[in-house]
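Peer 1: need a structure here:
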Amino acid sequence: MGLDGRGVLVGHFDDGIRLRAHEVFASMHVVAAHDFVDHDADPAPPPGDPIAGAHGVATLSVLAGYRPGQLVGAAYGAGFLLARTENASSETPLEEDNWVAALEWADSLGVDVVSSSLGYRDYDPPYRSWTWRDMDGNTTVITRAADRAAALGILVVTAAGNEGDDPSHNTLLAPSDGDSVLAVGAVDPGGLRSPTSSVGPTAGNPPRTKPDVMAMGVADRIATAAGPTSYAFSSGTSFSAPLVAGAAALLLSKHPEACPMQLRDALRNTASRAANPDNRYGWGIVNARAALSYIEHPTDNAIACAYRLEPNFPNPFNPTTTLRYDLPEEARVTLRIYDAAGRLVRSLVDGQRAARVHEVVWDGRNDAGRQLGSGIYLCRLHAQGSPLGREHLFVAERKLAIAR
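Peer 2: The predicted structure is shown next:
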């Protein structure tokens with residue numbers, strides 16, 4: 001693909017970075033960093049904690065590392081925001097709050113993609129734990145924040161969890177249950193699901209398929225915190241998630257106009273099991289090259305990022321032209337053609353339309369079926385929707401030319 005993530009800002013949320021001096025990070029472009037556990041600017045955990053920060057080194061290396069011959073991360077050319085949100089010495093609801101605070105901070109800096117290999121369900125006493133029933137996409141603090149991020153233009157890619165399979169219910173960890181969150185499971189080098197990879201569906205009604213996609217999460221090459229030239233192999237959805245986050249960053253580096261739902265759909269709909277998704281593999285193993293082609297050649301049901309009326313093609317035309325308009329949500333739509341005097345000559349669309357990319361072919365005739373003569377005409381789109389719960393009227397116009 002010839003892409004390295006350049007021009008994209010990726011947030012990495014984990015338990016800190018114990019060894020920023022590792023050789024794999026020598027060329028990494030860090031835009032900003034913050035510790036939301038100890039409330040300072042250094043994402044390294046306290047020196048006295050022998051465990052914290054090792055996980056962060058490993059997951060970040062899969063995403064951002066660059067040491068040819070040893071390890072090359074999925075999006076090593078991107079800019080990075082490093083946030084320590086996880087306290088490795090305990091498990092409490094405060095860590096969800098830390099994660100949300102990091103998301104707000106990253107949003108203020110213009111983050112595009114968040115890679116998070118953290119998941120929450122079970123807490124230390126006396127705190128109340130979540131259960132599988134709470135993995136419905138609407139209950140946990142972290143899931144609601146991650147879904148909100150998508151509406152603000154941020155794609156959250158998260159590990160589905162390493163809780164294995166339970167035939168009676170899901171084994172997901174929040175925020176992987178979010179409907180706008182890209183939850184990633186783990187496969188081995190042969191493409192088989194890791195037995196520890198968490199499964200869906202969500203507990204919502206109706207239940208939704210989870211995970212979304214899969215990536216290699218068995219025997220992944222990682223950098224370790226044991227020393228500045230230390231490497232190893234490790235397994236878990238913690239490592240499949242940054243691979244997919246990196247793939248999303250590559251897509252964005254080529255198409256910065258793509259929104260989170262377009263990225264999610266491109267990665268899901270081109271994955272290895274897209275024709276028959278299930279709750280063990282989701283839509284299957286990601287294929288970044290195919291996802292790039294999906295974005296560049298959208299299908300009839302492609303997701304739209306924003307309200308838009310595209311230029312018609314061809315223009316000038318004879319005898320037909322295609323008009324395309326994008327709806328990011330369901331809306332009441334009228335699409336009408338006016339002549340140079342402002343008179344309505346053709347009504348092409350009048351009614352409720354679904355959220356997606358729409359195409360309409362105009363044959364150059366009026367509502368009575370008569371062929372119109374050469375000249376300039378005006379196409380006007382009205383779309384009445386409710387983005388983020390607020391009523392909104394979108395109006396756009398394009399000039400069309402008939403050349404008989």
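
Peer 1: you'd agree residue 7 is up against residue 256?
Peer 2: Yes - counting by CB atoms under 8 Å, residue 7 sits close enough to residue 256 to count as a contact (6.7 Å). Every residue, glycine included, has its C-beta placed from N, CA and C.

Peer 1: where in the stretch 301-404 of the chain is pLDDT low?
Peer 2: 387-390 (pLDDT under 70).

Peer 1: now the strands for it?
Peer 2: Listed in chain order, the strands of the stretch 301-404 of the chain (DSSP state E, counting those that start in this stretch) span residues 308-309, 321-327, 331-338, 344-353, 356-362, 375-385, 392-402.

Peer 1: in the fifth one, what's buried?
Peer 2: Using 16 or more other CB atoms under 10 Å as the test for burial, strand 356-362 gives 356, 357, 358, 362.

Peer 1: turn the residues you listed into TSV, including distance to residue 94.
Peer 2: Formatted as TSV, the buried residues of strand 356-362 follow (distance: CB to CB, whole Å):
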residue	distance to residue 94
356	40
357	42
358	46
362	58
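
Peer 1: that's a strand at residue 293, yeah?
Peer 2: No - using DSSP: H, G, I helix; E, B strand; the rest coil, the assignment for residue 293 is helix, not a strand.

Peer 1: start to end distance for stretch 200-216?
Peer 2: 19 Å (CA to CA, to the nearest Å).

Peer 1: actually stretch 151-162, not the one I wrote
Peer 2: 28 Å.

Peer 1: number of residues surrounding the closest residue to residue 187 other than its chain neighbours?
Peer 2: Leaving aside its sequence neighbours, residue 187 sits nearest to residue 214 (CB to CB, 6 or more residues apart in numbering; 4.8 Å). Close neighbours of residue 214, defined as other CB atoms under 10 Å, add up to 30.

Peer 1: residue 214 contacts residue 186, doesn't it?
Peer 2: Yes - checked against CB under 8 Å, the pair residue 214 and residue 186 is within contact range at 6.8 Å.

Peer 1: intersection of neighbour lists for those two?
Peer 2: 193, 197, 240 (CB atoms under 8 Å, 6 or more residues apart in numbering).

Peer 1: hmm, back to that, same drill for residue 7 and residue 256, tell me which one is more crowded.
Peer 2: residue 7 (15 against 10).

Peer 1: tell me who's in contact with the more buried one.
Peer 2: Contacts of residue 7 (CB under 8 Å, 6+ apart): 78, 252, 253, 256.

Peer 1: secondary structure element for it?
Peer 2: Following DSSP states H and E, one finds residue 7 outside all helices and strands.

Peer 1: how near is it to residue 251?
Peer 2: From residue 7 across to residue 251, the span is 12 Å (CB to CB, to the nearest Å).

Peer 1: same question for residue 64.
Peer 2: From residue 64 to residue 251 the distance is 17 Å (CB to CB).

Peer 1: and if you look at residue 94?
Peer 2: For residue 94, the distance to residue 251 - CB to CB - is 34 Å.

Peer 1: looking at those two, which is more packed in?
Peer 2: residue 251 (28 against 15).

Peer 1: distance of the more buried one from residue 131?
Peer 2: For residue 251 relative to residue 131 (CB to CB), the value is 35 Å.

Peer 1: how many residues are close by the closest residue to residue 119 other than its chain neighbours?
Peer 2: Nearest residue to residue 119, sequence neighbours excluded (CB to CB, 6+ apart): residue 173, at 2.7 Å. The tally of other residues near residue 173 (other CB under 10 Å) stands at 27.

Peer 1: what pLDDT does residue 173 get?
Peer 2: According to the prediction, residue 173 has pLDDT 98.

Peer 1: that one contacts residue 117, correct?
Peer 2: No - assessed by CB under 8 Å, residue 173 is found out of contact with residue 117, at 10.5 Å.

Peer 1: now the common contact residues for the two.
Peer 2: In contact with both residue 173 and residue 117: residue 159, using CB under 8 Å, 6+ apart.
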